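**Student:** Need coordinates for the below:
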Amino acid sequence: MAEHSGGVENGDEWEDLAVRTIRALAMDAVRKANSGHPGTAMALAPLAHVLFGRVMSFDPTDPAWPDRDRFVLSAGHASVLLYSMLHVTGYDLTLEDLEAFRQLGSRTPGHPEVGVTPGVEVTTGPLAQGLANAVGMAIAERQLRTSHGSDLCDHRTWVIAGDGCLEEGLSHEAASLAGHLGLGRLTCIYDDNHITIDGRTELALSDDAARRFEAYGWQVIELGERANDLAAIEAGLREAMADEDRPALVILRSHIGFPSPMFTDSPLAHGNPFPAEEIAATKELMGLDPEQSFVVAPEVLDGYLGATSRGRQAHEEWKLRVETAGERGIAFAAQVAGDLSAAIAAPLPQFETGAQIATRRSFATCLAGTAPLLPGLLSGSADLTENTGTDLPDARAQSAGDPGGRQVHFGIREHAMGAAMTGMALHGGILPIGGTFFVFSDYMRGAIRVAAISGAKVVYVFTHDSIGVGEDGPTHQPVEQLASLRAMPELSVIRPADANECAVAWRSALEADGPVALILSRQNLPVLAETAVRGAEGLPTGGYVLSEFGNGSLDLSIVATGSEVNLALDAARVLADGGLTVRVVSMPCMEWYLRRPAHERDAVLPPAVPTLSVEAASTFGWSAVATQSLGIDRFGASAPGPEVFGELGITVDGVIRAARSMLAGTSR
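**Tutor:** Coordinates of the predicted model:
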């Protein structure tokens, strides 16, 4: 080995140069962007090299190969490490892309984003999200392997997490779930560098991570001060691979910023570019030319060809196995491609007009009817399976002993449920459904946001959608949640009026490209004759004319969602008896409605006609479509549901009063 610092132990000469090169790229990219986190990338360069160069199975010529190993950088602030590895291993990511790190429109954003950079599996950055995503990926892999055979699905999930990931509460939820399920193909490497932005981790952290994960049921491998020893790192990773019954935590004590003379083990290495003179000094220490930037020697690229050639060979062998598997291979390919056509084409269930059915119950009917047509469906809840209608009839529970089970009991872990669902969806081959009470969507909001950014195809089933929850009181009665989720880009929020709209909402969720939140009632709602006629075509538009009462020119439009649609219909009949002409519009998905061309929206809600919105929730956001709003801009109360509706004015009489008051004000 050459005489320099910053290299590795127990590696070939090209590997030593590769590690030094990756460290240099981390400094160069962050310096040029004048933004980023070089220190972790520098410290973990040997680990990344072992993963990509010695251990993982992947094919850069086909980043979407279904049986590739999945790599998740939960410590997403170290994105330059992942980008550097993708470049040197032959993914479609150039040095010019690295030079454009963190710049507008580049393929190397500040944190990894799925769909932006080839080879990036999940969007990471919010700490611990990636770890929980990886749990979902491991569930997906095991379910596919159990269902279709290890000859078609046989890969692993690798994740790098830091101190921040393990401090976040989400990591506790996700790790507990992974240990309980015995996800033996999941390995997390914990970068134990003792540094956070404020200073050393000892300022706020004294956990014993090893004992904590052992208590979760994980295999724990402590490598200690071996962050630059390639042989020791590889041995630790392979030891983790040998235990198929438990997820593994490999603890690696690294030194952030190594081998920088000034910034090794310094919080300043975490989120700051190194000064030019320090970069030069560090490169000189590593035996690299301090005058050059963004340099990757040919022998480094040639060296990684061995790893990628192994992956390509494994890929070709896998394709042959799929081809020779006959119908089993065809079924596997269709599932990983996300083919939901059979379920989408299935007839919708019919609900009797006038029947009283909670939309959570009608959803359960729809789910049960289509489940046999959705082999990739995994349905579960946060300890509320029957309550939320997410139970699959006769389905076995997903468990360590029954990894093929389609019913997932996430336990009281909403955040882990949401993040694991994102991982399942982005893994491919799985359609995850997760249910909880709507008010508890707050617990999983971080995961929902990442799913929306990622375009992950997941379905959230949020029930007990309003003050109709009743006696449980304001802690359990959602008020602001509808407005909050509607404000989130790329998330479709659907609140159906009755069982008919619920059935169409389920089909629309299957057709949607990204995440969908179904907002369903606890209490029974009447099945409306109007939705039976118009709902199938109307719901996918977001908002549609449900009915019109009176014979003259239009005086008023009432737009409502969910349980309030029936109130709007009854109020419109009374107003029409008083001589008004009133239109009732059902708006199950405001986002879809607002995306329509203006002339289509105007045909539903004519802008010259006063519009009253009615919803048992915050009025925030309704100004986009309504002149005035009847809603709830306070917290609820503990009492039987009908009494709470009456107390807060969400009744037929309340709608009538609000409409007459608005029209009186309009006439003035």
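**Student:** residues touching residue 373, list them.
**Tutor:** The contact partners of residue 373, by CB atoms under 8 Å, 6 or more residues apart in numbering, come to 342-343, 346. The way it works is simple: take the backbone N, C-alpha and C, and place the C-beta from them, glycine included.
**Student:** Reformat those into CSV and put distance to residue 601 and neighbour count next to each item.
**Tutor:** Shown next, in CSV, are the contacts of residue 373 (distance: CB to CB, whole Å; neighbours: other CB atoms under 10 Å):
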residue, distance to residue 601, neighbour count
342, 34, 13
343, 30, 21
346, 31, 16
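**Student:** any idea how far residue 240 lies from residue 207?
**Tutor:** 21 Å (CB to CB, to the nearest Å).
**Student:** between these two, who's got more neighbours?
**Tutor:** Between residue 240 and residue 207, counted using other CB atoms under 10 Å, residue 240 has the larger neighbour count: 26 against 11.
**Student:** Report pLDDT for that one.
**Tutor:** On the pLDDT scale, residue 240 is placed at 98.
**Student:** For it, what is the enclosing helix or strand?
**Tutor:** Counting by DSSP states H and E, the element that carries residue 240 is helix 230-242.
**Student:** which secondary structure elements does that helix contact?
**Tutor:** helix 45-50, strand 186-191, strand 219-224, strand 248-252 (3 or more CB pairs under 8 Å, 6 or more residues apart in numbering; DSSP states H and E).
**Student:** wait, which of the ones you listed is closest to residue 365?
**Tutor:** strand 186-191 (35.2 Å; CB to CB).
**Student:** what lines up beside the closest one in the sheet?
**Tutor:** Applying DSSP bridges to the sheet, strand 186-191 is found paired with strand 157-162 (parallel), strand 248-252 (parallel).
**Student:** for those strands, which one ends up most surrounded?
**Tutor:** Of the strands paired with strand 186-191, the one with the most neighbours on average (mean count of other CB atoms under 10 Å) is strand 157-162, at a mean of 28.
**Student:** and for that strand, what are the contacting residues?
**Tutor:** 40, 44, 47-48, 51, 55-56, 69-75, 78, 127-128, 130-131, 134, 137-138, 141, 171, 185-191, 193.
**Student:** let's see 7 Å
**Tutor:** With contacts defined as CB atoms under 7 Å, 6 or more residues apart in numbering, strand 157-162 is touched by 40, 44, 51, 56, 69-75, 130-131, 134, 137-138, 141, 185-191, 193.
**Student:** again, but for stretch 338-355
**Tutor:** The contact list for stretch 338-355 (CB under 7 Å, 6+ apart) reads 357, 362, 365-366, 369-370, 373-374, 428, 499-500, 503-504, 507, 510-511, 526-527, 529, 532.
**Student:** Filter the contacts of residue 373 down to the ones in helices?
**Tutor:** Within the contacts of residue 373, residues falling in helices by DSSP state H are 342-343.
**Student:** Pipe the contacts of residue 373 into a markdown table and attach pLDDT per row.
**Tutor:** Formatted as a markdown table, those follow (pLDDT from 0 to 100):
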| residue | pLDDT |
| --- | --- |
| 342 | 97 |
| 343 | 97 |
| 346 | 96 |
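**Student:** phi, psi of residue 577?
**Tutor:** phi -60, psi -20 (degrees, to the nearest 10).
**Student:** if we can go back for a sec, highest mean neighbour count out of the helices and strands packed on helix 230-242?
**Tutor:** Most buried among these, counting by mean count of other CB under 10 Å: strand 186-191, with a mean of 29.
**Student:** Now do that one and helix 230-242, the angle between them.
**Tutor:** Inter-element angle recorded for strand 186-191 and helix 230-242: 150 degrees (by axes from the mean of the first three to the mean of the last three CA atoms, to 10 degrees).
**Student:** May I have strand 186-191 as CSV, with CA atoms only?
**Tutor:** What follows is strand 186-191, C-alpha atoms only, in CSV (Å, rounded to 0.1, in the frame of the first residue of the first chain):
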residue,chain,number,x,y,z
LEU,A,186,-32.6,-6.7,6.3
THR,A,187,-29.2,-5.3,7.3
CYS,A,188,-28.8,-1.9,8.8
ILE,A,189,-25.3,-0.5,9.2
TYR,A,190,-25.3,2.1,12.1
ASP,A,191,-22.7,4.8,11.5
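**Student:** I'd like to check what contacts the following helix or strand past it. Which residues are they?
**Tutor:** For strand 186-191, the succeeding helix or strand toward the C-terminus, using DSSP H and E, is strand 195-196. Outside strand 195-196, the residues that touch it by CB under 7 Å, 6+ apart are 163-164, 201, 256, 265, 267, 270.
**Student:** Repeat that for stretch 32-46.
**Tutor:** By CB under 7 Å, 6+ apart, stretch 32-46 touches 8, 19, 22-23, 26-27, 29-30, 75, 77-78, 80-81, 99, 101-103, 110, 160, 162, 191, 193, 227-228, 230, 233, 254-258, 263, 269-271, 273-274.
**Student:** Could you do stretch 437-450 as well?
**Tutor:** Outside stretch 437-450, the residues that touch it by CB under 7 Å, 6+ apart are 123, 126, 129, 382, 384, 414-415, 417-419, 422, 460, 462-465, 476-478, 481, 485, 488, 491, 515, 519.
**Student:** next one: stretch 480-494
**Tutor:** 438-439, 441-442, 448-449, 452, 455, 495, 505, 508, 512, 514-519, 588-592, 617-618, 620-621.
**Student:** Span of that stretch from start to end?
**Tutor:** 15 Å (CA to CA, to the nearest Å).
**Student:** likewise stretch 53-62?
**Tutor:** 17 Å.
**Student:** Over to stretch 208-221?
**Tutor:** Termini of stretch 208-221 sit 13 Å apart (CA to CA).
**Student:** was I right about residue 463 contacting residue 388?
**Tutor:** Yes. Under the criterion of CB atoms under 7 Å, residue 463 makes contact with residue 388 at 4.7 Å.
**Student:** Neighbour count for those two, which is higher?
**Tutor:** residue 388 (29 against 25).
**Student:** Tell me which residues touch the more buried one, please.
**Tutor:** 360, 381, 435-436, 461, 463.
**Student:** Repeat the analysis, applying 6 Å as the threshold.
**Tutor:** 381, 435, 461, 463 (CB atoms under 6 Å, 6 or more residues apart in numbering).
**Student:** Where does the residue nearest to residue 375 when sequence neighbours are not counted sit: helix, strand or coil?
**Tutor:** Closest residue in space to residue 375, ignoring its immediate chain neighbours: residue 335 at 5.4 Å, by CB to CB, 6 or more residues apart in numbering. Put simply, residue 335 is helix when judged by DSSP: H, G, I helix; E, B strand; the rest coil.
**Student:** same deal with the one 3 residues further on?
**Tutor:** Under the three-state scheme (three-state DSSP), residue 338 adopts coil.
**Student:** Is residue 144 in a helix, a strand, or coil?
**Tutor:** helix.
**Student:** so how far is residue 32 from it?
**Tutor:** 41 Å.
**Student:** quick one on the thing from earlier: mind putting the strands paired with strand 186-191 into TSV with mean pLDDT and distance to residue 544?
**Tutor:** TSV is the format used below for the strands paired with strand 186-191 (pLDDT from 0 to 100; distance: least, CB to CB, whole Å):
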stretch	mean pLDDT	distance to residue 544
strand 157-162	98	43
strand 248-252	98	52
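**Student:** Among those strands, which comes closest to residue 609?
**Tutor:** strand 157-162 (54.8 Å).
**Student:** and the helix or strand following the closest one, C-alpha only, in CSV?
**Tutor:** Going down the chain from strand 157-162, the next helix or strand is helix 163-167, by DSSP H and E. Written as CSV, here are the backbone C-alpha positions of helix 163-167 (Å, rounded to 0.1, in the frame of the first residue of the first chain):
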residue,chain,number,x,y,z
ASP,A,163,-27.1,8.7,15.1
GLY,A,164,-29.9,11.0,14.0
CYS,A,165,-31.9,8.1,12.5
LEU,A,166,-31.6,6.1,15.7
GLU,A,167,-32.6,9.1,17.8
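**Student:** what's the angle between the very next helix or strand once past helix 163-167 and strand 248-252?
**Tutor:** The element immediately downstream of helix 163-167 (helix or strand, assigned by DSSP H and E) is helix 169-181. Orientation check (the same axes, to 10 degrees): helix 169-181 against strand 248-252 gives 130 degrees.
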